[in-house]
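**Student:** Sharing a model prediction with you, sequence too.
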Amino acid sequence: MNTIDLLKSLTEIKAVSGDEEAAFECISKHLEYADVLKMQSGIYAKIGKNNTSVPHILIDAHIDSIGFRVVSITDDGFLCVDKCGGIDKRLVPSQKVIIYTGKKEFNGVFCSTPPHLASDTSEICEINQMYIDTGLDKSELEMYVKPGDSVVFDSPIRLLSNGRVSSGALDNRAGCCALISALDMLKDENVRITAVFSNQEEIGIRGAKTAAFSDDYDYVICLDVSFAYTMGEDKTKCGEMGKGPMIGISPILDKECSKLCIATAKEHSIPYQLEVMSAATSTNADAYSITKSGNKTTLVSIPLKYMHTPTEVCAINDIENTAKLIYEFVKQLSKQ
Amino acid sequence: MIDLTKQLCALDAASGNEDNVRKFILKRLENLNVQCKTDGLGNIIGYKDGTKLSKSFMLCAHMDEVAMMVTSINSDGTLQFSNIGGISGEALIGKAVRINGICGVIGSKAVHNMTADEKKSKINSDSLYIDIGCDNYESADKLVNLGDCAYFDSDCNDFGDSLLIGKAIDDRAGCAILLKLIENSEYSFSFAFTVQEEVGARGAGPAAFALNPEIAIVLEATTAADIPASNGSDKVCIVKNGAVIGFMDRSAVYDKELFNMALDLSEAQNIKCQIKTKVAGGNDSGTIHKTAGGIRCLAISIPCRYLHSSVCVAAKEDIESVYRLSDAVLAEFADRKAEGI
């Protein structure tokens, strides 16, 4: 499967933090050759699980995305929601959404005030004071929708120019895509891998905290997205889109592993860039590195623009180069 | 009429760039054998022959929609734009757009990196830009010219219980109603599909001047704020409560006799109709009522939520009500003639 088709399939998964059930079917379909099972902390896919002669490597990519949860239904049939994960409230009005209930899916749109009626001084209200219009009345909604049901941005993948793609779920389906592509290349190698598509990253790195207890691991690699420079961002704190995976350098990451990862990229002429962080990384790596008696953890990130908006953008070649780097790096680590 | 509305909404036609809609409508009129022409500004004006009325009428709807215009190409390949018509920053941010058949997005700084003040501040649309994927000026310059228009990448679809959702319902629904009236009404009237409404109702004046009617009926989509955040009269009008008629908005005070007549007719003929409860917005009437020696105006509108966004919401039944009420007003003048009034 080519990268765009795989990414399309993954971005269609509806998996708001804490409600990732729907991801299992799609992930197992792409990993038919692996042992795939569903755990509380995420979806696990094992390759070479009896191959005890090589190091056991955990590769993590969180499967959840930001979104919303239904809190109540108003008398005139609007849904009150609250957010799941960090969302810029200013971009929420007039966004299309999908409410998924397990039984049925509904289209909706966040209410907004048109310019004819808005005053310059009117404040932007908090997300928990915003409403979703489904065009249905209360009695109809109540047949299917109940408090706790999840809501995602309706932002199907779009191809831009120059090998770029946009969707609201690229954080972190881009990472999941690179992980699945890497596993596909690794499946016949002499490796022992547990891939974890972990839950609840966006609400405080919760899935990863328990995932590290699932077994003993020699190495952990985390795959996520990170900031690509765009206007308005701080250039010194961002990667560049299209310039390859960002290898993390941080006090919480294993220094030797980071060095090996860089050396691997150089050896195989895979473009890369460094992401230097002087403290924690705000990714699952922060949890894996200090869980149980500590894990040697490496962080590789795909540059992404407009994070946590329905119009996130990343470069297909960055995802493909990330998959290549993970493939070569895992082979290196497996020789250690 | 609903299918026609969907087809019209799918077309891209910003103010001053109405070609796509104009071509579509001219083709329909050609098939109907209706006499019409395109004037210097791009308005389609013509005459529908039928049962004569006691007054000369013009019915009109505007072809243009709000959109964005590329004003410069940045060195990083992104595009600066200005709004064509009124669009709030909130309606733009985080939206996909299309421009010359390619996709683009309007992103924004990641929420993680925003200061507390930035999170609270209103979005200034001058600070937004379109990302089409290009990395530098040269590659973007090959795909886009200054002055090209960008449109919400959104078509018109069924929504909820018998509603429509999409861009440009303002005023393609009006265009669809007018086309159907030309096709099916038995009465005589002149008509105009106007240009440049969203940038100050500029096209309607010359069209009305050329047609010189005694009465104009403007078929529009007007803002419905029947959402939980507004109460009472702030709702302006309500989706599924029927055709909206106003006594006054920011652009015109409507002809009282026509206003009352529309109300009476709606009641007599059981056509759902509501009075706009707020003096807000405006439409082509603003220009038409001051054209030539003055033209009596009535606006009959479809209540439409989230106007001037990618996700306008309107009810199919309200589109039908506007059609029926417009035809009923025409019929009233035929009856008067018969009675010798």
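**Tutor:** Arrived safely. Source: prediction; values computed, not measured.
**Student:** For the residue of the stretch 1-150 of chain A found nearest chain B, list the residues it contacts.
**Tutor:** Closest contact between the stretch 1-150 of chain A and chain B, by Cβ to the nearest Cβ, is at residue A:135 (1.6 Å). For glycine as for every other residue, the C-beta is placed from the backbone atoms N, C-alpha and C. Listed by Cβ atoms under 8 Å, 6 or more residues apart in numbering or on different chains, the contact partners of residue A:135 are B:159, B:160, B:161, B:163, B:165, B:313.
**Student:** The nearest residue to the first one once chain neighbours are set aside is in what secondary structure piece?
**Tutor:** Read that as residue B:159. Leaving aside its sequence neighbours, residue B:159 sits nearest to residue B:165 (Cβ to Cβ, 6 or more residues apart in numbering or on different chains; 3.7 Å). According to DSSP states H and E, residue B:165 maps onto strand B:163-166.
**Student:** ok now that strand, how far from the chain's centre?
**Tutor:** Mean C-alpha position of strand B:163-166 versus that of the full chain (Cα atoms, centre = their mean, to the nearest Å) differs by 14 Å.
**Student:** quick one: contacts for the closest residue to residue A:65 other than its chain neighbours?
**Tutor:** Counting by Cβ to Cβ, 6+ apart, residue A:169 is the residue found nearest to residue A:65 once chain neighbours are left out, at 4.9 Å. Residue A:169 makes contact with A:10, A:11, A:13, A:65, A:152, A:153, A:155, A:312, according to Cβ under 8 Å, 6+ apart.
**Student:** what separates residue A:169 from residue B:246, distance-wise?
**Tutor:** To residue B:246, residue A:169 is 43 Å away according to Cβ to Cβ, to the nearest Å.
**Student:** neighbours around the residue in chain B positioned nearest to chain A, how many?
**Tutor:** Closest to chain A within chain B is residue B:160: 1.6 Å, counting by Cβ to the nearest Cβ. If you count neighbours by other Cβ atoms under 10 Å in any protein chain shown, residue B:160 ends up with 22.
**Student:** Same question for residue B:102.
**Tutor:** Every residue meeting other Cβ under 10 Å relative to residue B:102 is counted, giving 17.
**Student:** Do you know the pLDDT at the residue nearest to residue A:65?
**Tutor:** At residue A:169, the model reports a pLDDT of 96.
**Student:** for the stretch 151-300 of chain A, what spans make up the helices?
**Tutor:** A:170-186, A:206-211, A:255-267, A:285-288 (DSSP state H, counting those that start in this stretch).
**Student:** In TSV: these, plus distance to residue A:319.
**Tutor:** Below are these laid out as TSV (distance: least, Cβ to Cβ, whole Å):
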stretch	distance to residue A:319
helix A:170-186	5
helix A:206-211	21
helix A:255-267	15
helix A:285-288	19
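**Student:** how does chain B divide up, domain by domain?
**Tutor:** Listed by automatic domain parsing, the domain ranges of chain B are B:2-65+B:167-338, B:67-152.
**Student:** between these, which one is nearest to residue A:268?
**Tutor:** domain B:67-152 (24.1 Å; Cβ to Cβ).
**Student:** Now do the end-to-end distance for that closest one.
**Tutor:** Start-to-end span of domain B:67-152 (Cα to Cα, to the nearest Å) is 7 Å.
**Student:** so for it, what's the average pLDDT?
**Tutor:** For domain B:67-152, the mean per-residue pLDDT is 94.
**Student:** neighbour-wise, which of the contacts of residue A:135 leads?
**Tutor:** residue B:165 (26 neighbours).
**Student:** Please verify my assumption that that one contacts residue B:310.
**Tutor:** No. Under the criterion of Cβ atoms under 8 Å, residue B:165 makes no contact with residue B:310, lying 9.2 Å away.
**Student:** Can you check which residues contact both of the two?
**Tutor:** With Cβ under 8 Å, 6+ apart as the test, residue B:165 and residue B:310 both reach residue A:96.
**Student:** And residue B:335, what's its pLDDT?
**Tutor:** 68.
**Student:** what sits up against the host helix or strand of residue B:286?
**Tutor:** Residue B:286 is part of helix B:285-288 when elements are defined by DSSP H and E. The list of residues contacting helix B:285-288 from outside it, by Cβ under 8 Å, 6+ apart, reads B:58, B:60, B:201-202, B:204-205, B:208, B:216, B:218, B:249-252, B:254, B:295, B:297-299.
**Student:** For PyMOL, what selects the buried ones among those?
**Tutor:** Buried residues within the contacts of helix B:285-288, by 16 or more other Cβ atoms under 10 Å in any protein chain shown, are selected in PyMOL with:
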select buried, chain B and resi 58+60+201+202+204+205+208+216+218+249+251+252+254+295+297+298+299
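**Student:** Stretch B:171-187: which residues count as buried?
**Tutor:** Under the neighbour-count criterion of 16+ other Cβ under 10 Å, stretch B:171-187 has B:171-182, B:185, B:187 buried.
**Student:** again, but for stretch A:57-77
**Tutor:** Buried residues in stretch A:57-77 (16+ other Cβ under 10 Å): A:57-70, A:73, A:77.
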